[in-house]
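Engineer: A structural model of the following input is requested.
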Amino acid sequence: MAKSKAYIAAVEKIEAGKFYTPSEAVELAKETGSSKMNSTVEVALKLSVDPRKADQMVRGTVMLPHGTGRTARVIVFANGPAAEAAIAAGADEVGGTELIEKVAAGWTDFDSAVSTPELMGQVGRLGKVLGPRGLMPNPKTGTVTPNPAKAVEEIKGGKIEFRVDKHANVHFVVGKASFSADALNENLRAALDEIVRLKPSSSKGRYIQKGSVSTTFGPGIPLDVNAI
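Structural biologist: Residues are numbered from 1 along each chain as shown. As a prediction, the model looks like this:
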């Protein structure tokens, strides 16, 4: 597939063989982003973990100081007062059995799902729909909670979730190209600090093996892992 002139021009701004510090990478990401859209700035890391082992599954959440630049679409599986509180907190859709059936039928037009503990017995059967998309509510990420309203507020306020995939890669968003370089750097640092904090004790060798920062449709900017 032929690359556009804009993409080629963006690649030419990246020095061959150079690895960039996080602050340098986000500044360059702003320069290499599309001029026609407010690109999302994304990060990909390769970790020295074996996701097949339960004690090496790196998964967590972090509040980005400056948010993600977009409002996440959040659904909540809840009934009664918890459902009413979730609606007041700004959840995009709230419900019990009917919402569970809707998702079971294949509806996944949302970014995050939250559930009260008492409904997880029913929500659990949505694993085939939500699991592959990383949308399954989980106590470890605060998305299974008796206080779904708080979870909704946090997610819409800039809380992101990350999870190592089967290839030991972690992908997450740190904002928009329109953010200042300082804001992007602070968001990136917050995410990196949390991922480093969650390093499994059984992980051997260099924990973060390699990484890159990129924008939507933009080239990857190699990260200097020694600077993380």
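
Engineer: mind listing what's buried in stretch 18-30?
Structural biologist: Buried residues in stretch 18-30, counted by 16 or more other Cβ atoms under 10 Å: 19-20, 22-30. Placement of C-beta: from N, CA and C, glycine included.

Engineer: nearest to residue 41, of those?
Structural biologist: residue 29 (5.2 Å; Cβ to Cβ).

Engineer: and the lengthiest helix in the chain, how far out from the chain middle?
Structural biologist: Counting residues, the longest helix in the chain under DSSP state H turns out to be helix 181-197. What separates the centre of helix 181-197 from the centre of its chain is 12 Å, taken as Cα atoms, centre = their mean, to the nearest Å.

Engineer: so where is the protein shaky, pLDDT-wise?
Structural biologist: 1-3, 34-35 (pLDDT under 70).

Engineer: which one of the buried residues of stretch 18-30 is nearest to residue 40?
Structural biologist: residue 29 (10.1 Å).

Engineer: now what about the host helix or strand of that closest one, what contacts it?
Structural biologist: If you go by DSSP states H and E, residue 29 is part of helix 22-32. Applying Cβ atoms under 8 Å, 6 or more residues apart in numbering, the contact partners of helix 22-32 are 10-11, 13-14, 20, 41, 174, 177, 179, 181, 184-185, 188-189, 192, 212-215, 218-219, 221, 223, 227-228.

Engineer: for stretch 39-46, same thing?
Structural biologist: 26, 29-30, 33, 69-70, 168-177, 179, 184, 188, 191, 195, 208-218, 220, 223.

Engineer: those in strands, which ones?
Structural biologist: 169-176, 208-215 (DSSP state E).

Engineer: out of those, flag the one nearest to residue 84.
Structural biologist: residue 173 (30.4 Å).

Engineer: any idea how far that closest one is from residue 159?
Structural biologist: 11 Å (Cβ to Cβ, to the nearest Å).

Engineer: so which of those two has more stuff around it?
Structural biologist: Legend: neighbour count by other Cβ atoms under 10 Å for residue 173 and residue 159, higher for residue 159 (21 against 17).

Engineer: quick check, that one in contact with residue 61.
Structural biologist: Yes - using Cβ atoms under 8 Å, residue 159 is in contact with residue 61, at 5.6 Å.

Engineer: shared neighbours of these two, anything?
Structural biologist: residue 142.

Engineer: re earlier: could you flag which of the contacts of helix 22-32 are buried?
Structural biologist: Judged by 16+ other Cβ under 10 Å, buried ones among the contacts of helix 22-32: 10, 14, 20, 41, 174, 177, 179, 181, 184-185, 188-189, 192, 212-215, 218-219, 221, 223, 228.
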